[in-house]
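K.L.:
Have a look at this prediction, sequence included:
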Amino acid sequence: MAQNIIDKLYSRLPQMTTTDQKIAQVVLDDPAAAVNWTIAALATKASVSEASVSRFCKSLGLDGFHQLKILLAQVASDTANYEQDVDLDHLQQSVQHIRDNKIAEITNSLGNLDTTLLTQTLKALKQARLIQVVAEGNTYPVASDAIYKFNQIGLLAIGSESWATAMAQTLNLTAVDVLLVISNSGESRELLSQIKTAHQQRVTVIAITNRPDSPIAQQADIHLTTSVRQRVFQAEYYFSRIAAGTVIEALFLLLIADDQARLAAIKRHEALIANTKI
């Protein structure tokens with residue numbers, strides 16, 4: 001399933017030129033209103049030229065401004081697509097906005113899961129001798145959660161927060177294994193290096209990123225797209241573990257639904273660790 005236009009704008013915003021960011025932000029501030037603007041009105045609001053708006057549309061792979069308006073009209077009425085601002089001067093409202101952002105991330109991340117790609121992902125995970133899960137920095141907790149969940153249901157999974165150790169693990173993968181890469185931006189040099197190494201060993205690479213046009217997405221054999229809405233410190237940097245975690249949770253539940261015997265594996269594991277609980 002293709003990204004809707006609002007998802008596309010959010011995912012591409014950090015990599016846009018300064019001019020394109022100005023245009024995109026004006027549109028994202030009020031997508032419903034943008035549906036009724038002329039190209040001149042949008043240019044004025046963004047303090048750019050009409051030619052810049054036309055180039056902006058072309059950079060998104062659109063025929064022109066009219067197509068942008070059509071795509072916005074298809075989704076602008078759904079406020080779950082919007083990012084809500086967080087302002088500590090209005091604490092309770094900000095908490096509500098964070099809730100709305102997280103709901104949007106979950107809704108759109110699950111909505112973006114293409115059935116064919118999802119089927120391919122589940123098949124690859126089920127058939128793998130070993131699943132290596134890799135991520136960097138703030139995203140590694142999602143990888144750690146995936147490793148835990150996969151092992152719980154009988155799928156052998158490994159990983160390491162140390163890139164040097166993770167690369168050593170990748171060197172031991174074979175054609176019957178899977179490398180699962182998790183990255184918001186899809187631009188990590190280290191993760192791209194691991195993908196290259198994995199491909200040299202004929203390993204299937206599955207990637208989960210926020211940008212289908214990112215280098216990691218383009219290098220992966222299978223790519224699942226997430227949707228992120230939470231900006232950090234009012235910058236153009238969009239980060240969230242919720243979106244990637246949602247996709248991992250979906251894969252986990254679908255794998256259980258595919259084989260109920262995996263529930264028995266979870267129960268056995270829980271029984272073995274039960275004595276650690278009060």
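P.N.:
Structure's in. What do you need?
K.L.:
OK, contacts around Ala207?
P.N.:
Applying Cβ atoms under 8 Å, 6 or more residues apart in numbering, we find Ala207 in contact with 180-183, 186, 195, 216-217, 219-220, 222-224. Backbone N, C-alpha and C define where each C-beta goes, glycine included.
K.L.:
Which member of those residues is positioned nearest Lys58?
P.N.:
Ranking the contacts of Ala207 by separation from Lys58, with Cβ to Cβ as the measure, puts Ala217 on top at 21.0 Å.
K.L.:
For the closest one, give me its contacts.
P.N.:
Applying Cβ under 8 Å, 6+ apart, one finds that Ala217 lies in contact with Gly186, Ala207, Thr209, Arg211, His223, Thr225.
K.L.:
can you tell me the helix or strand for it?
P.N.:
Remark: Ala217 resides in helix 215-219, with elements defined by DSSP states H and E.
K.L.:
So which residue is dead centre in this structure?
P.N.:
For the chain, the residue sitting closest to the mean C-alpha position, by Cα atoms, centre = their mean, is Thr226 at 2.6 Å.
K.L.:
Spatially nearest residue to that residue, not counting backbone neighbours?
P.N.:
Of all residues not flanking Thr226 in the chain, Ala243 sits nearest, at 3.7 Å (Cβ to Cβ, 6 or more residues apart in numbering).
K.L.:
what does Ile131 give?
P.N.:
Ala157 (4.3 Å).
K.L.:
And for Thr94, the neighbour number?
P.N.:
Not quite, residue 94 is Ser, not Thr. The local packing count at Ser94 equals 15, with neighbours defined by other Cβ atoms under 10 Å.
K.L.:
same for the lowest-mean-pLDDT helix or strand in the chain, what does it pack against?
P.N.:
None of the helices or strands of the chain scores lower by mean pLDDT, DSSP states H and E than helix 91-111, at a mean of 78. Secondary structure elements in contact with helix 91-111, counted by 3 or more Cβ pairs under 8 Å, 6 or more residues apart in numbering; DSSP states H and E, are helix 241-258.
K.L.:
Need the CA coordinates for the helix it packs on. CSV is fine.
P.N.:
Extracted in CSV, the C-alpha atoms of helix 241-258 (Å, rounded to 0.1, in the frame of the first residue of the first chain):
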residue,chain,number,x,y,z
ARG,A,241,9.8,4.0,18.7
ILE,A,242,6.1,3.5,18.7
ALA,A,243,5.8,3.2,14.9
ALA,A,244,8.5,0.6,14.5
GLY,A,245,7.4,-1.2,17.7
THR,A,246,3.9,-1.4,16.3
VAL,A,247,5.1,-3.2,13.2
ILE,A,248,7.1,-5.6,15.3
GLU,A,249,4.1,-6.2,17.5
ALA,A,250,2.0,-6.9,14.4
LEU,A,251,4.5,-9.4,13.1
PHE,A,252,4.6,-11.1,16.5
LEU,A,253,0.8,-11.5,16.7
LEU,A,254,0.5,-12.6,13.0
LEU,A,255,3.2,-15.3,13.6
ILE,A,256,1.2,-16.6,16.6
ALA,A,257,-2.0,-16.5,14.6
ASP,A,258,-0.3,-18.5,11.8
